[in-house]
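**Q** model the structure of this input:
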Amino acid sequence: MRRFAASLLLPCLLATAPAARGTQPAAAAPAGPRVEGRDIYYLGEIPSLRISGLIPGETVTAHQFRTVVRWLPNGSGGWRPEPTLMHGWGSFRADAGGTVDLASAVPTDGTTRGVGPAGLFWSARRQGDAALAGARFAEEGLTRPDDDGTHILRVFRGTRQIAERRFTIGRERPGMIRAEINTPGLTGFFAAPAGARRLPVIIHLHGSEGGSIAKARADAQRYAEQGFATLAIAYFAWPYEARGLTVPTRHQNIPVELLDRARQWLARRPEADVRRIALVGNSKGAEFSLVGAVTYNWVRAAVACVPSDVVWEGYGAVNWDAPAPRAIPAPGTYSSWSYRGRPLPYIPTYADRNDGFPDNTDRYDRARAEFAAEARAARIPIERTRARLFLIGGERDRTWSSGAMVRSLANAMDAAGHGAQASTFIAPTGGHYLCGDGLYPHRAWQVDLTPPFAPDIDAQGQAEYAAFVAKLAFLRAALR
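**A** Below is the predicted model of the structure:
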């Protein structure tokens, strides 16, 4: 629908002058500034928001608020919730029609300098942050959102509020097909659009944070919203999330055959076309996805977000429910993955050593250098896969060197003459957190660090959203 800007004077004259007898009533005065959008956005949707009814060419500020629950140590060995207000803002200039489309408008100031609909989301900061010093007026009179999904968008002309909208994100879409799985052979959650038949399929693999039904439910619906029949697997879980689940609580010798069991389960679902399967993995799950793509010819595509190019040692879990915590198994004992009952070759990481590692990436890099022979044996022979690959990495990843490992994987494909099968997305200043949809505020937990190898948190947030868009485009093209 087309919108026209009117002068500020004409509506006032029409509103006060009596209508002539026998003529049509005067047109209603256009509404004032307002935020256009929906009240609810579902899992996997990026909110579309526009500010309209503005003076053409004027500059306004948009301030977005949400509450994130941060779990912090309680001083006695446990954890306490800390609801934290997050505030993202930007200055925008209205176009000739008096509109600011937050999906495409260029911010001139604020917490976000990136163009795109997720900027106010990923750039939000905690109270006390220097970037909010001149924006405190926007918090006056604010009733804080009481849950993480509720957002409040306030629009200001100078320091005067002219519009506000409350909306929620991450809701479950009514009517979506959902199925929980918790069997000795397979645990996870399946979701697909209502009425779906023979859709392309995603098998989603979580990272070292461990799985749970709640996480799998959210991941499955996030991709189902984009038109994929999705099975999110929980292949191991930390003890505090494993209660009632038939999954191991240690990441040790996880059978690669789990992926084929998932395919067999999907083959019985009318919503799924198992001729078109992609493995989508994050971090440790990305390592799993690449191992799976090499092992099984039925894998059509694989997305590996902040992956490894080698197999690493598995790791254990502390039993937090025991009177005395159970010791982590001796290092150098287990692989992360097994196939046909045999552990895959791996690089030991010696998690019990404390040699002054500044971060986890240094630990992994030094283990790789120390165990050179094991590193050669542990290399994932990615050139053997028939799958199309989309590899996402960060050059300043401080969990492990995902940027370098993405380049290693791409080089292996090139050397084998299969370079056309692989696409890469490497964030030059991004870290490990590149696998979401760009809607979570990274600064809820992260802080700016001074070393030159530390991630640029704002650039990482912008890259995460861009990677999400690119990932979806890749999956649609690879599985069509």
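**Q** strands along the stretch 351-480 of the chain, start to end?
**A** In the stretch 351-480 of the chain, the strands defined using DSSP state E, counting those that start in this stretch lie at 388-394, 422-427.
**Q** reformat the ones you listed as JSON lines; add distance to V100, mean neighbour count and mean pLDDT.
**A** The C-beta positions use only the backbone N, C-alpha and C, and glycine is treated the same way. Output for these, formatted as JSON lines (distance: least, CB to CB, whole Å; neighbours: other CB atoms under 10 Å; pLDDT from 0 to 100):
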{"stretch": "strand 388-394", "distance to V100": "31", "mean neighbour count": "27", "mean pLDDT": "98"}
{"stretch": "strand 422-427", "distance to V100": "27", "mean neighbour count": "20", "mean pLDDT": "98"}
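**Q** kindly reformat those strands as JSON lines containing distance to T150.
**A** Listed next are the strands of the stretch 351-480 of the chain as JSON lines, based on distance: least, CB to CB, whole Å:
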{"stretch": "strand 388-394", "distance to T150": "30"}
{"stretch": "strand 422-427", "distance to T150": "30"}
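**Q** which one, of these, ends up nearest to A242?
**A** strand 388-394 (28.2 Å; CB to CB).
**Q** same for that closest one, what does it pack against?
**A** Applying 3 or more CB pairs under 8 Å, 6 or more residues apart in numbering; DSSP states H and E, one finds that strand 388-394 makes contact with strand 299-305, helix 402-415, strand 422-427, helix 457-479.
**Q** let me know which of those is the nearest to G97.
**A** When the helices and strands packed on strand 388-394 are compared by CB to CB, helix 457-479 sits nearest G97, at 25.9 Å.
**Q** tilt between the closest one and strand 299-305?
**A** Interaxial angle, helix 457-479 versus strand 299-305 (axes from the mean of the first three to the mean of the last three CA atoms, to 10 degrees): 180 degrees.
**Q** please produce a markdown table containing the helices and strands packed on strand 388-394, extended by distance to Q221.
**A** Converted to a markdown table, the helices and strands packed on strand 388-394 look like this (distance: least, CB to CB, whole Å):
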| stretch | distance to Q221 |
| --- | --- |
| strand 299-305 | 17 |
| helix 402-415 | 26 |
| strand 422-427 | 24 |
| helix 457-479 | 15 |
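**Q** closest to F92 out of the ones you listed?
**A** helix 457-479 (16.4 Å).
**Q** helices or strands next to the closest one in the packing?
**A** Checking 3+ CB pairs under 8 Å, 6+ apart, helix 457-479 ends up next to helix 119-122, strand 199-205, strand 272-282, strand 299-305, strand 388-394, strand 422-427.
**Q** any chance of these in CSV, plus distance to R165?
**A** Listed next are the helices and strands packed on helix 457-479 as CSV, based on distance: least, CB to CB, whole Å:
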stretch, distance to R165
helix 119-122, 12
strand 199-205, 32
strand 272-282, 32
strand 299-305, 32
strand 388-394, 33
strand 422-427, 31
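**Q** roughly how far out does stretch 179-191 sit from the chain middle?
**A** Computed by CA atoms, centre = their mean, to the nearest Å, the chain-centroid distance of stretch 179-191 equals 22 Å.
**Q** what's the end-to-end length of that stretch?
**A** End-to-end distance for stretch 179-191: 7 Å, by CA to CA, to the nearest Å.
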